[in-house]
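Student: Have a look at this fold, sequence not included:
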């Protein structure tokens, strides 16, 4: 079974620029999550999708962050414009409703904003 | 809100045992998870507790006391490859969303 795929793995941009991250969850996983992990901290949930609907985006800074999962499979997370404090690893994870509880994480995208 | 506390760092010797404690105060409770995260890599699932007691899985065991809001992860027969960050996470309700602690960095020394 292929794991959660993310791209790019690394991205360096200047503040005020825009950036987009892509995630392909494990096949058949209905629930998809985007987390932000700042160095030295645990992952913080940004947004949760079930199929193509948003379940929770209460911690997503909506003035600059957006995410979509149009066909209920792949997802993109966008930041526009980026700030220095957005430097972090962005992790995508997925869960099978049938499988229960375990979240499977992708390798993450390390974003550096200069 | 959710409050999950765990020590920042721990150091132990190869072959020894280390216990990582986690305390939590959450608006609800529907399971506690432990994840292992090597530097620069994604978290990987180690254990899940939803009922009180000890769950053993090879060299790793996890304990939960719901009345005390407390869990620990026990790592036995430590190996160098166990050097990593260990994340405690709580699922507060039924929508699978996890709240993570800041992680405990374990360093195993020869």
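Tutor: Structure received. Bear in mind the structure is a predicted one, so any value in this text is a computation, not a measurement.
Student: Please enumerate the strands of chain B.
Tutor: Taking DSSP state E to define them, one finds strands in chain B at B:3-5, B:9-13, B:18-25, B:32-37, B:44-49, B:53-57, B:60-65, B:70-75, B:84-91, B:98-100, B:104-109.
Student: I'd like to know which of those strands is closest to chain A.
Tutor: strand B:98-100 (3.2 Å; Cβ to the nearest Cβ). All C-beta spots, glycine's among them, are computed from the backbone N, C-alpha and C.
Student: hmm, back to that, output the strands of chain B as TSV; include the columns mean neighbour count, mean pLDDT and distance to residue A:95.
Tutor: Output for those, formatted as TSV (neighbours: other Cβ atoms under 10 Å in any protein chain shown; pLDDT from 0 to 100; distance: least, Cβ to Cβ, whole Å):
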stretch	mean neighbour count	mean pLDDT	distance to residue A:95
strand B:3-5	16	94	20
strand B:9-13	13	97	29
strand B:18-25	18	97	21
strand B:32-37	23	96	12
strand B:44-49	17	94	11
strand B:53-57	11	95	20
strand B:60-65	18	98	19
strand B:70-75	20	98	21
strand B:84-91	24	96	11
strand B:98-100	23	92	10
strand B:104-109	17	98	24
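Student: Can I get these in JSON lines including distance to residue A:110?
Tutor: Supplementary listing: these in JSON lines, determined by distance: least, Cβ to Cβ, whole Å:
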{"stretch": "strand B:3-5", "distance to residue A:110": "24"}
{"stretch": "strand B:9-13", "distance to residue A:110": "22"}
{"stretch": "strand B:18-25", "distance to residue A:110": "25"}
{"stretch": "strand B:32-37", "distance to residue A:110": "14"}
{"stretch": "strand B:44-49", "distance to residue A:110": "18"}
{"stretch": "strand B:53-57", "distance to residue A:110": "30"}
{"stretch": "strand B:60-65", "distance to residue A:110": "28"}
{"stretch": "strand B:70-75", "distance to residue A:110": "26"}
{"stretch": "strand B:84-91", "distance to residue A:110": "15"}
{"stretch": "strand B:98-100", "distance to residue A:110": "18"}
{"stretch": "strand B:104-109", "distance to residue A:110": "18"}
